[in-house]
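Undergrad: compute the structure for the input listed below.
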Amino acid sequence: MELQGLFPLALGRVQLRLDPGDLALLMQEVLALRGDAEGNPTAGCAWTGDINGIWQVHRLEAFAAITAEVERQAWAYLQDLGFREGSVALHVQRAWPVVSEPGQVVGRHHHPNAHLSAVLYLNGDGSGRSGCLRLFPRQQSNELVPGLAVGHGGPIDADSAGGQRWNAPLVDVAPQAGLLVLFPAYTDHAVTANDDEEDLRLSLAFDLALTAPLAGPADAAPPEYLAPHPAQWAELQQRAGDPGQ
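TA: This is a model prediction of the structure:
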């Protein structure tokens, strides 16, 4: 029997050939942005810039070149998915550093504000001991009976080839210096514990959003399934006496 995989989740992976000196400078910048902090307020959680006021590193000169490379690879990811050239506009919403001390994690979450997530690893040797990016399936299409794929003594052998390929409860991606990964932002993901007692784990995360291209006066209205270009939005000002005041 041949099993055919339908509707796969596209995880983009590209090993960027970054100069070691450039990587070292990026790591220095990240650590300077973190300052004296050791983690997020929740005990055991890695320090993430997005909840500590550091959420626009893509606007900083030190990160301009790497942001341009992430944008280039994001366009390549969309092209590989089949997007027609010129059919969408792509925007960096926010970008932030993540620093994981030994023993620290990032809990399971997703990014409902964005459409595409990207993570660039500034260090790591591919072993995964400093903590892996852990991706979770949105739906277990092949477990047949809901709940079987989570294990706990169930009938699916998680160590078998079939269990790993068709009913894996998660996929781990080990960090490696210069590795860039891209995936749909709605995908639940986490970061496992940094078990390297001798080293920090440093990365940059990006939220990207798709909209319609900027429409000119003679262009047709953007399609309803795409938000218009942000330059064509109008912010509504709330005035004293309005509901909610």
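Undergrad: check which helices and strands the lowest-mean-pLDDT helix or strand in the chain is in contact with.
TA: Here the helix or strand of the chain ranked lowest by mean pLDDT, DSSP states H and E is helix 161-166, holding a mean of 92. Packing partners of helix 161-166 (3 or more Cβ pairs under 8 Å, 6 or more residues apart in numbering; DSSP states H and E): none among the helices and strands. C-beta: built from backbone N, CA, C; applies to glycine.
Undergrad: hang on, Asp157 packs against Gly163?
TA: Yes: under the criterion of Cβ atoms under 8 Å, Asp157 makes contact with Gly163 at 4.9 Å.
Undergrad: comparing those two, which residue is more hemmed in?
TA: A direct count of neighbours by other Cβ atoms under 10 Å for Asp157 and Gly163 places Gly163 higher, at 17 against 12.
Undergrad: which residues touch the more buried one?
TA: By Cβ atoms under 8 Å, 6 or more residues apart in numbering, the contact set of Gly163 is Ile156, Asp157.
Undergrad: got it, and Ala62?
TA: If a contact means Cβ under 8 Å, 6+ apart, then Ala62 has Leu25, Leu26, Glu29 as its contacts.
Undergrad: of those residues, buried ones?
TA: Leu26, Glu29 (16 or more other Cβ atoms under 10 Å).
Undergrad: export the contacts of Ala62 as CSV, with columns for secondary structure, pLDDT and distance to Arg108.
TA: Conversion of the contacts of Ala62 to CSV gives the following (DSSP: H, G, I helix; E, B strand; the rest coil; pLDDT from 0 to 100; distance: Cβ to Cβ, whole Å):
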residue, secondary structure, pLDDT, distance to Arg108
Leu25, helix, 97, 32
Leu26, helix, 97, 27
Glu29, helix, 98, 28
